[in-house]
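Peer 1: okay, predicted coordinates and the sequence, questions at the end:
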Amino acid sequence: MNVAETASDWLIYGANGYTGELIAREAARRGLRPILAGRSAAAIVPLAQELGLDHRVVALEDALALDAALGAVKVVLHCAGPFSRTSRPMVEACLRQRVHYLDITGEVEVFEACAARTAAARAAGVMLLPGTGFDVAPSDCLAAHLKSRLPTATHLALGFQVPASVSHGTATTMVENIHRGGLVRKGGVLSRVPPGYKTRVIDFGRGPVTAVTIPWGDVSTAFHSTGIPNVEVYMAVVAETRAMLLFARVAGPLLGTPPVQRLLKAAIRRAPKGPSAKQRAAVRSYLWGEARDADRTVVSRLNAPETYALTVQTALAAVTKVRAGRARPGFQTPSLAFGKDFILEIESVTRTDA
């Protein structure tokens, strides 16, 4: 039974975005009372009024106003992407105001930037916990689980098979990074590689499919969580997607030019904001992980809700734990903050070992 709160000590910034709104609506359904915030009054005010929640309209560039908006707030769930542009001012405000920072990013540079601020966060008594959504809560917990199964692992491969439909924010992040190529971790160091750097056949639990490496957030977070020095992340793709990645090896510089970026982002704006409720309910996400050392290989899998549905659940679960006092100052990953079995606390998530 959900019990309504009488006051709020947490704030969702970017509550009018596709994922932020999903989280806000589910929070309200559960009787929670987050403060809804964002830069657009035209978007934030009607949503807050509909849900009966408080709101604050503030731009991230206005440091004084942002500090004021965080008054009496203990936890921020930052949902405004692309996070490479929006995370830093919110992190700095949280450090100034001693507010715990959570977000739903999957961007490597955001994870690394938060990790670099761990000393400041500890001094402020603040936890910096990026990646509480599908990026990267399930895969980070899977990485930690594999490490527990094979403590001597030197190589970690993670992968996922998910529906193709993404939100405007996710698509924009992909477009803004398409010209930068791939990313893996080698010998503990983040290393740039060509798009579609490696291809392998992976069984995510429903039979073998082709997957390629992508610059997913786990090449950052899995190292912090496990210490395994070599990390690759794979995504199941159809032949057309792999061909596009190979094309990006040649066309990368062109794809990063302003005219092409404007063209690609205009196409994103014409697309639906994200998958519909029916689509979210109809599909599942599948994750796979493999850890190996010189002698052994272990494999584990997760079967989970659709990516955005899972993000709503994991983000709210993380907020609930932090509000209840489960906050370790400094930079954290989901598994470091809450343990490798955090993902199993989410309804209908299952894990199998091989």
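Peer 2: Received, thanks. Numbering: from 1, shown residues only.
Peer 1: as CSV, could you dump the C-alpha coordinates of stretch 30-47?
Peer 2: Taking Å, rounded to 0.1, in the frame of the first residue of the first chain, the C-alpha atoms of stretch 30-47 are listed here in CSV:
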residue,chain,number,x,y,z
ARG,A,30,3.1,5.8,-5.3
GLY,A,31,2.1,8.8,-3.1
LEU,A,32,5.6,10.4,-3.3
ARG,A,33,5.9,14.1,-3.6
PRO,A,34,9.0,15.1,-5.5
ILE,A,35,9.5,18.8,-6.5
LEU,A,36,9.4,19.0,-10.3
ALA,A,37,11.9,21.3,-11.8
GLY,A,38,13.2,22.4,-15.2
ARG,A,39,14.0,25.4,-17.3
SER,A,40,10.6,25.7,-19.1
ALA,A,41,7.7,27.0,-17.1
ALA,A,42,5.4,26.1,-20.0
ALA,A,43,6.4,22.5,-19.6
ILE,A,44,6.9,22.1,-15.9
VAL,A,45,3.9,24.1,-14.4
PRO,A,46,1.1,22.1,-16.2
LEU,A,47,2.7,18.8,-15.2
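Peer 1: which residues touch that stretch?
Peer 2: Applying Cβ atoms under 8 Å, 6 or more residues apart in numbering, the contact partners of stretch 30-47 are 2-8, 10-17, 20-21, 24, 27, 48, 51, 53-60, 69, 73, 77, 80, 316. (C-beta placed from N, C-alpha, C; glycine too.)
Peer 1: ok, stretch 110-120 next?
Peer 2: Contacts for stretch 110-120 (Cβ under 8 Å, 6+ apart): 83-84, 87-88, 91, 95, 101, 103, 105, 128, 130-131, 190, 217, 220-221, 224, 330-331.
Peer 1: 6 Å instead, please
Peer 2: The contact list for stretch 110-120 (Cβ atoms under 6 Å, 6 or more residues apart in numbering) reads 83, 87, 95, 128, 130, 217, 220-221, 330-331.
Peer 1: farthest-apart pair in the residues you listed, please.
Peer 2: 95 and 217 (21.4 Å; Cβ to Cβ).
Peer 1: ok, the two, which is more surrounded?
Peer 2: The residue with more neighbours, out of residue 95 and residue 217, is residue 217; 24 against 18, by other Cβ atoms under 10 Å.
Peer 1: can you check the pLDDT for the more buried one?
Peer 2: With respect to pLDDT, residue 217 has a value of 96.
Peer 1: assess the claim that it and residue 135 are in contact.
Peer 2: Yes: the criterion here is Cβ atoms under 6 Å, and residue 217 meets it with residue 135 at 5.2 Å.
Peer 1: hey, what's in contact with both of the two?
Peer 2: Here residue 217 and residue 135 share the contacting residues residue 106, scored by Cβ under 6 Å, 6+ apart.
Peer 1: show residues contacting stretch 151-166.
Peer 2: Stretch 151-166 has contacts (Cβ under 6 Å, 6+ apart) with 139, 202, 204, 211, 218, 222, 228, 230-234, 236, 275, 283, 285-293, 307.
Peer 1: then stretch 17-29?
Peer 2: 12, 14-15, 34, 36, 51, 79, 167, 169, 273-274, 311-312, 315.
Peer 1: could you list the buried residues of it?
Peer 2: 17-24, 27-28 (16 or more other Cβ atoms under 10 Å).
Peer 1: okay, residue 107 and residue 215: tell me how far apart.
Peer 2: Applying Cβ to Cβ, to the nearest Å, the value for residue 107 to residue 215 is 9 Å.
Peer 1: list only buried entries from the contacts of stretch 30-47.
Peer 2: Buried by 16+ other Cβ under 10 Å: 8, 10-17, 20-21, 24, 27, 48, 51, 53, 55-58, 60, 69, 73, 77, 80, 316, out of the contacts of stretch 30-47.
Peer 1: in strands, which of those residues fall?
Peer 2: Taking DSSP state E, the ones among these that sit in strands are 10-13, 55-57, 77.
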